[in-house]
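S.K.: fold the stuff below for me.
(one chain, ligands or ions: 1)
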Amino acid sequence: MHNIDMDSVEMTLDVMKYALNRITMISPELGKPKKEEELKALVGETVTEKGIGGEKAFQLFKDVLIKATVPIDHPRHLAFVPASPTRASIMFDLVTSASSIHGAYWMEGAGGIFCENEAMKWLVSLTRLPKGAFGVFTSGGTAANLSAMVTARENWRKDEANVGEKGLIITSIGAHSSVKSMAKVIDADVLLIETEDCMTQQDLQNKLDQLTPHERKRLFAVVGTGGTTNAGIIDDLNGIATICEKENLWFHVDAAYGGGALAADSVRHLFNGIERADSITIDPHKWLFSPYDCGAIIYKNPELAREAHSQEGSYLDIFKDEGAQGFNPSDYQIQLTRRVRGLPLWFSLAMHGTDKYKWAVEEGLNLAQLAGRLITENENVELVREPSLSCVLFRRKGWTPEDYRNWTYKNHRDGFALVTPTKWRTGDTFETVARFCFINPDTTEADITAILDSMNLS
Ligand SMILES: *Cc1c(COP(=O)(O)O)cnc(C)c1O
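M.R.: This is a model prediction of the structure:
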């Protein structure tokens, strides 16, 4: 595999050329999906006994397959939580791949893990958790939430009285789907506080008051959200922390989306209380401009995570030996073999400095405020609620769910924009509404206006 012939040199240059070209493109083509059969008909058999050759495979990728993907950094991709990795971080993602670093243990990955840890120190400083707090990079928010929940559960089960009990977690319906999903993985039950708006101290107290003694015994954690995915709402973190401290419950803050805004001075106060959490999830691949995939889990007391996650095996002993001494990321989350996925973030932070990150996050916040004003001035649309962080929920007057759906598909089909509807819940009613989520500082006022104008057609 290691013999370099002229063909592969040329291939390498082609690939590098493509990558460079893509990295410098500000508005890549907005691709659209095709059915699998259609794609198959277009590319034919690609995995064969003899191979079809790099040139052909790459050509098919460029001509057909990439066009069936949506570039998540497109300035008019405002659906879900978009992303906008810096050029520096993408370039260093290539370097990360080329360097073949095993990121599980310091013994093998020291230099790379050192860089990740430098970036992590900055993230931890944003949370203002007490000294000793630290974290590791994960594949995303889901893995980070799971790692935290396992740690919380294991810590709770240190009390013999809890061994054999099924755990219980309280969160709100504003929490991300992964919280409920990962509760299944650890076979815990979830009790939902019935609000999509800010979960308050009183909401949580009311829920606790309704628990049976056995439920109270089973309860081990509360998950607050630092920026809901749907609407950018931040729970009353101080209020929740007060109850968790009093009741001896693990307090996890899921700030997978909103965590980037900890860097923004204009909204930092909204997160007050996050420094009292036991664990915090932040996704650098959302609002900290890292390429996929890069999440992070931060613990107030990392030792508890190590007790929960450190894997044992005769083949692993050497890594934990004195001679290998250093920080082993695999001890603090669910994954063993791991990419040093914090490395692209480190390089970009080192290159640009943290002020640039503050600026870029503030840009997302500004875009949401700008969109709010444009919506208010436009007679066809109205805000469902004030913009929160970089999320804007608004309605097109007179539209049915079907109208929103058709509008989304038409914009996507035209290669113009990807903006998707969502539902907003008030009491027991769910209303279909339109939603913007801004991340990319290259999105312009003209982009927003053009998207609002596209709602006039139907
Ligand atoms: C996106 C998101 C997640 C899931 O993160 P992944 O990186 O997609 O696994 C969890 N929680 C919140 C609040 C999110 O916005």
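S.K.: use CA for all of it now, contacts and neighbours both
M.R.: Will do.
S.K.: kindly report the residues of the stretch 151-300 of the chain close to the ligand.
M.R.: Among all residues of the stretch 151-300 of the chain, those adjacent to the ligand (criterion: Cα under 6 Å from any ligand atom) are 176, 178, 228-229, 254-257, 295.
S.K.: can I have the buried ones of these as a ChimeraX selection?
M.R.: This is the ChimeraX syntax for the buried subset of those, where burial follows 16 or more other Cα atoms under 10 Å:
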select :176,228,229,254,255,256,257,295
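S.K.: same list (the residues of the stretch 151-300 of the chain next to the ligand) but as TSV, adding secondary structure.
M.R.: Formatted as TSV, the entries for those read as follows, by DSSP: H, G, I helix; E, B strand; the rest coil:
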residue	secondary structure
His176	coil
Ser178	helix
Thr228	coil
Thr229	coil
Asp254	strand
Ala255	strand
Ala256	coil
Tyr257	coil
Gly295	strand
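S.K.: now for the residues of the stretch 151-300 of the chain next to the ligand: which two are most distant?
M.R.: Put simply, by Cα to Cα the two of these set farthest apart are Thr228 and Gly295, 16.2 Å from each other.
S.K.: so for the helix or strand harbouring Gly109, what gets flagged as buried?
M.R.: Assessed by DSSP states H and E, Gly109 sits inside helix 106-127. The neighbour-count check on helix 106-127 (16+ other Cα under 10 Å) flags 106-107, 109-110, 112-120, 123-127 as buried.
S.K.: now for that helix, which elements pack on it?
M.R.: Judged by 3 or more Cα pairs under 8 Å, 6 or more residues apart in numbering; DSSP states H and E, the packing partners of helix 106-127 are strand 134-138, helix 343-352.
S.K.: quick one: closest of these to the ligand.
M.R.: The minimum distance between the ligand and these falls on strand 134-138, with 8.8 Å, by Cα to the nearest ligand atom.
S.K.: direction included, what does that closest one pair up with?
M.R.: On the basis of DSSP bridges, the sheet neighbours of strand 134-138 come out as strand 295-299 (antiparallel).
S.K.: least confident secondary structure element in this structure?
M.R.: Of all regular secondary-structure elements in the chain, judged by mean pLDDT, DSSP states H and E, the least confident is helix 317-320 with a mean of 73.
S.K.: for Thr46, grab the count of nearby residues.
M.R.: Residues contacting Thr46 under the criterion other Cα atoms under 10 Å number 13.
S.K.: tell me the SS of the residue nearest to it when sequence neighbours are not counted?
M.R.: With Cα to Cα, 6 or more residues apart in numbering as the criterion, Thr46 has its nearest non-adjacent residue at 6.4 Å, and that residue is Ile52. Of the three states, Ile52 takes coil according to three-state DSSP.
S.K.: over to the one 4 residues further on?
M.R.: For Lys56, the assignment made with three-state DSSP gives helix.
S.K.: any idea how far Pro33 is from it?
M.R.: Using Cα to Cα, to the nearest Å, one gets 21 Å for the distance from Lys56 to Pro33.
S.K.: ok, now Val150?
M.R.: In terms of Cα to Cα, Val150 sits 37 Å off from Pro33.
S.K.: those two - which one has more neighbours?
M.R.: When Val150 and Pro33 are compared for neighbours, Val150 comes out ahead with 21 against 15, by other Cα under 10 Å.
S.K.: what angle sits between the helix or strand containing the more buried one and strand 295-299?
M.R.: In this structure, Val150 sits in helix 141-156 according to DSSP H and E. Orientation note: helix 141-156 sits at an angle of 20 degrees relative to strand 295-299 (axes from the mean of the first three to the mean of the last three Cα atoms, to 10 degrees).
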